[in-house]
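Participant: how would this look folded up:
(2 chains)
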Amino acid sequence: GESVGLHLPTLSVQEGDNSIINCAYSNSASDYFIWYKQESGKGPQFIIDIRSNMDKRQGQRVTVLLNKTVKHLSLQIAATQPGDSAVYFCAESTFYSGYSTLTFGKGTMLLVSP
Amino acid sequence: DGGITQSPKYLFRKEGQNVTLSCEQNLNHDAMYWYRQDPGQGLRLIYYSQIVNDFQKGDIAEGYSVSREKKESFPLTVTSAQKNPTAFYLCASSIGTGGTEAFFGQGTRLTVV
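Facilitator: Coordinates of the predicted model:
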């Protein structure tokens, strides 16, 4: 598979623990944020999103928190499972030359031990 | 099934050759994107297209070219001018640009031999 995890920050947890993955974004004008999960050798998969008029959004076992004051985004995964092991990316919607595109962070590798 | 398809999954190129990576989507999305991913780095935007016959350069467009003749297709050509083309290439699409989720293909791994 792809070695996309080389040199990435790594979070190691035990199965059943709660995991928190953090992300600092750069553009205070960004108004939309997404978390993606990427397994080795595959394309990123959508996990959860949040708009800038919210500070918290919950999904199934996942919660995203947005702190616009310090430009910080976090992903909380409850009862982490071995299948959650992957690289997690945050992305912000950025205005670029008259259009908006998604700008990605460098990613965090989550390793879940049984 | 709706989705976004990239082909081939693995591609080998000799130095000095141009190669074209395919990306097709049947989601009826207007916007399409190409990203490059290197080990230890996030995704970097190469090109994007908001509508047919229109596309814009991203952060690392040098050495790449694209076309958008059909809504469902957004091929990427890696030219000989790209000095370090070995990478994992990801295509994505979304309903529109900005404020919407992007759906990704499974990627093409390009290796220069």
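Participant: so which residues of chain B form strands?
Facilitator: Along chain B, the segments classed as strands by DSSP state E run B:4-7, B:10-13, B:19-25, B:31-37, B:43-51, B:54-57, B:64-66, B:76-78, B:87-94, B:103-104, B:108-112.
Participant: what does chain B have sitting close to chain A?
Facilitator: Residues of chain B found near chain A, taking CB under 8 Å from any CB of the partner chain as the criterion, are B:6, B:33, B:35, B:37, B:39-45, B:48, B:50, B:56, B:58, B:88, B:90, B:92, B:97-107, B:109. Yep, even glycine has a C-beta here, placed from its N, CA and C like the rest.
Participant: ok, back up a step: format the strands of chain B as CSV; extra columns: mean neighbour count.
Facilitator: Output for the strands of chain B, formatted as CSV (neighbours: other CB atoms under 10 Å in any protein chain shown):
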stretch, mean neighbour count
strand B:4-7, 18
strand B:10-13, 14
strand B:19-25, 19
strand B:31-37, 26
strand B:43-51, 22
strand B:54-57, 16
strand B:64-66, 20
strand B:76-78, 21
strand B:87-94, 24
strand B:103-104, 21
strand B:108-112, 18
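Participant: next, format those as TSV and append distance to A:Gln81 and mean pLDDT.
Facilitator: Listed next are the strands of chain B as TSV, based on distance: least, CB to CB, whole Å; pLDDT from 0 to 100:
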stretch	distance to A:Gln81	mean pLDDT
strand B:4-7	27	96
strand B:10-13	30	94
strand B:19-25	30	97
strand B:31-37	25	95
strand B:43-51	25	93
strand B:54-57	40	94
strand B:64-66	38	98
strand B:76-78	35	97
strand B:87-94	25	95
strand B:103-104	22	94
strand B:108-112	28	95
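Participant: since that was my last question, I'll sign off now.
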